[in-house]
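Trainee: model this:
(chains A, B and C)
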Amino acid sequence: MPELPEVENARRCLLRASLPGRTFKGADIGWAKTVKRPDLEGFVLGLRDATVSDVLRKGKYILVPLRVEDGTPTLIIHLGMSGGLSVDDASSPEPPLVRHRFPLDDGRVMRFVDGRKFGKLWLVNDPAKVLPSLSPDPLGDGFTAEGLEASLAGRRAPIKALLLEQSVSAGIGNLYADESLYLAGIHPERAGADLGPEEIARLRESIFQALTEGVAVYDRARDELWPNAPRALTAWTIPRKEGESCPRCGAEMAVTRVRARTTWFCPAHQI
DNA sequence: AGTACGTCCTGATCGC
DNA sequence: TGCGATCAGGACGTAC
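Mentor: Residues are numbered from 1 along each chain as shown, chains lettered A, B, ... in the order given. Sure thing, here's the model as predicted:
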């Protein structure tokens, strides 16, 4: 489920819950395969008496730098397809599908909901060693049309598939890929290398616009969304339903599959 | 290298 | 209403 706006919302929820400054008392891992590094025992032991310094985001990854007695490891969380985080009183009723619990020193607990078990956890000293290659953050200054053009050069795959690569546009997922291409007026099956500089500039701007609006929707929702349920708000404008028409030009929306991912687009203005 | 496909998982939804 | 089939917003390993 989560793309950049959902992950950013999760991060802000953790900050609003004043996670920084709190200390993990350990971890209760309900599905061992979620822990990628180190082994389960090392992971749980490593979180004991680890104090949170900050909550950061890189693409769809949440980074939680920690202070322990003899170092500064980082907890890395990926929400996968169905993940969500909350911080509640330990005695509060637990929502369904909580897989992992991280008890805190103040009587609260960070809960990791993950229905499909595609979430991932790491506890490492050097995050760079486990994170894949990620583009500059599309919401930051580093994500330029020139950089995007360079990463599309020579690529024959459909632009929709390329946008899903985190090395091309970190944080984009299936929905925001469709949304960005819709806003830019670009057909999802165009080969990446066939896009001209003007189209790429438009695409960069559309990605920024779509993600910015996505983050804003969650920010406006604030407390209503707490705890951070694994359900997205509809920050995008594309109808994703049979028979609906394009809000911009009225044509009937079309659906296809790109790399086995459902892809909605307007056949009239996305060319 | 770049591309395409199968796989990991379970809950929700759809069609009969 | 019930039930099997299909679908879901991610990403990685593998094979060509």
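
Trainee: Could you show which parts of the stretch 51-200 of chain A are in contact with DNA strand C?
Mentor: A:59-60, A:78, A:80-81, A:116, A:118, A:132, A:164, A:166, A:173-175 (CB under 7 Å from any atom of the strand). Every residue, glycine included, has its C-beta placed from N, CA and C.

Trainee: Adding secondary structure and pLDDT, write the residues you listed out as CSV.
Mentor: What follows is those, written out as CSV (DSSP: H, G, I helix; E, B strand; the rest coil; pLDDT from 0 to 100):
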residue, secondary structure, pLDDT
A:59, coil, 96
A:60, coil, 96
A:78, strand, 97
A:80, coil, 95
A:81, coil, 92
A:116, coil, 93
A:118, coil, 96
A:132, coil, 95
A:164, coil, 96
A:166, coil, 97
A:173, coil, 95
A:174, helix, 95
A:175, helix, 93
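
Trainee: Contacts only, for residue A:138.
Mentor: Contacts for residue A:138 (CB atoms under 8 Å, 6 or more residues apart in numbering) come out as A:4, A:169-172, A:207-208, A:211.

Trainee: Am I right that it sits in a strand?
Mentor: No. Under DSSP: H, G, I helix; E, B strand; the rest coil, residue A:138 falls outside any strand and is assigned coil.

Trainee: Of the residues of the stretch 51-200 of chain A next to DNA strand C, which is the nearest to residue A:9?
Mentor: Each of those was scored against residue A:9 by CB to CB, and residue A:60 proved nearest at 11.9 Å.

Trainee: For the residue nearest to the closest one when sequence neighbours are not counted, give its distance to DNA strand C.
Mentor: Counting by CB to CB, 6 or more residues apart in numbering, the nearest residue to residue A:60 once its immediate chain neighbours are dropped is residue A:7, at 5.0 Å. As judged by CB to the nearest atom of the strand, to the nearest Å, residue A:7 and DNA strand C stand 9 Å apart.

Trainee: Now the element after the host helix or strand of residue A:7, going C-ward?
Mentor: According to DSSP states H and E, residue A:7 maps onto helix A:4-16. Moving toward the C-terminus from helix A:4-16, the next helix or strand (DSSP H and E) is strand A:23-24.

Trainee: Okay, and the closest residue to residue A:5 other than its chain neighbours sits in which element?
Mentor: Nearest residue to residue A:5 in three dimensions, chain neighbours excluded: residue A:214, at 3.1 Å (CB to CB, 6+ apart). Assessed by DSSP H and E, residue A:214 sits inside helix A:197-221.

Trainee: Name the residues of the very next helix or strand once past that helix that are buried.
Mentor: Sequence order places strand A:254-258 as the next helix or strand after helix A:197-221, per DSSP H and E. Residues residue A:258 are the ones in strand A:254-258 that count as buried (16 or more other CB atoms under 10 Å).

Trainee: average pLDDT across the helix holding residue A:214?
Mentor: Here helix A:197-221 scores 94 as its mean pLDDT.

Trainee: other SSEs contacting it?
Mentor: helix A:4-16, helix A:145-152, helix A:174-184 (3 or more CB pairs under 8 Å, 6 or more residues apart in numbering; DSSP states H and E).

Trainee: Next one: the last one, is it in contact with DNA strand B?
Mentor: The one in question is helix A:174-184. No. For a cut-off given as CB under 7 Å from any atom of the strand, helix A:174-184 has no contacts with DNA strand B; the smallest distance is 12.6 Å.
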